[in-house]
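Colleague: 3D, please:
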Amino acid sequence: MSDHQNVKFVQNIYGLFMEGDIAGLLNQFAENVEWETPGAPRVPYAGHFRGRAAVAKFFELLGKTAEFATFEPREFLAEGDRVVVLGHYAGTGRSTGRRFETDWVMVFTISGGKVTKFKEYFDTANLGEAFT
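Modeller: Got it, this is the predicted structure:
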């Protein structure tokens, strides 16, 4: 896919997430997708997840532990098979009621019309405080 097509593909993934269509979102990932979110052990949904079923577990943990007030993908940069997204989110940890807010970077690698790798970067100290 072209850079433009890859950006549209990732924008669609964010649309599915914001609509709460996790099943549709998971269909955009390769069976053997690698997913990495930092912050373990303080961020309860952090970890390295391999495979679509494991990524489904990530979204389950995310839904059980975090409530988002804002989720804003702001800028999309594409080159080849990678799309880098710069954004911002804020919310609360469900178990503590503590607020979190951070800018983030998410990197998607796309092959064969599916996401094969995802890696996220954010202020892990800030989020960790919201969950402990």
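
Colleague: any idea how far residue 82 lies from residue 118?
Modeller: Between residue 82 and residue 118 the distance, using C-beta to C-beta, to the nearest Å, works out to 11 Å. C-beta coordinates here come from the backbone N, C-alpha and C atoms, glycine included.

Colleague: Which one's more surrounded, the two?
Modeller: Set residue 82 next to residue 118 and count neighbours by other C-beta atoms under 10 Å: residue 118 wins out with 19 against 15.

Colleague: which residue sits closest to the more buried one, ignoring its sequence neighbours?
Modeller: In space, and not counting its chain neighbours, residue 118 is closest to residue 35: 4.8 Å by C-beta to C-beta, 6 or more residues apart in numbering.

Colleague: shared neighbours, residue 82 and residue 118?
Modeller: Common neighbours of residue 82 and residue 118, counting by C-beta atoms under 8 Å, 6 or more residues apart in numbering, are 107, 108, 109.

Colleague: contacting residues around the residue nearest to residue 118?
Modeller: Neighbour list for residue 35: 29, 48, 49, 50, 54, 55, 58, 117, 118, 119 [criterion: C-beta under 8 Å, 6+ apart].

Colleague: Does it have any beta-bridge partners, and if so which?
Modeller: Going by DSSP bridges, residue 35 is paired in beta bridges with residue 49, residue 118.

Colleague: Do a quick rundown of the helices in this protein.
Modeller: Assigned by DSSP state H, the helices in the chain fall at 3-19, 22-26, 52-65, 124-131.

Colleague: Adding mean pLDDT and distance to residue 44, write those out as CSV.
Modeller: Converted to CSV, the helices of the chain look like this (pLDDT from 0 to 100; distance: least, C-beta to C-beta, whole Å):
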stretch, mean pLDDT, distance to residue 44
helix 3-19, 95, 18
helix 22-26, 96, 17
helix 52-65, 96, 4
helix 124-131, 91, 6
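
Colleague: Format those helices as a markdown table; extra columns: distance to residue 74.
Modeller: Shown next, in a markdown table, are the helices of the chain (distance: least, C-beta to C-beta, whole Å):
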| stretch | distance to residue 74 |
| --- | --- |
| helix 3-19 | 11 |
| helix 22-26 | 19 |
| helix 52-65 | 20 |
| helix 124-131 | 18 |
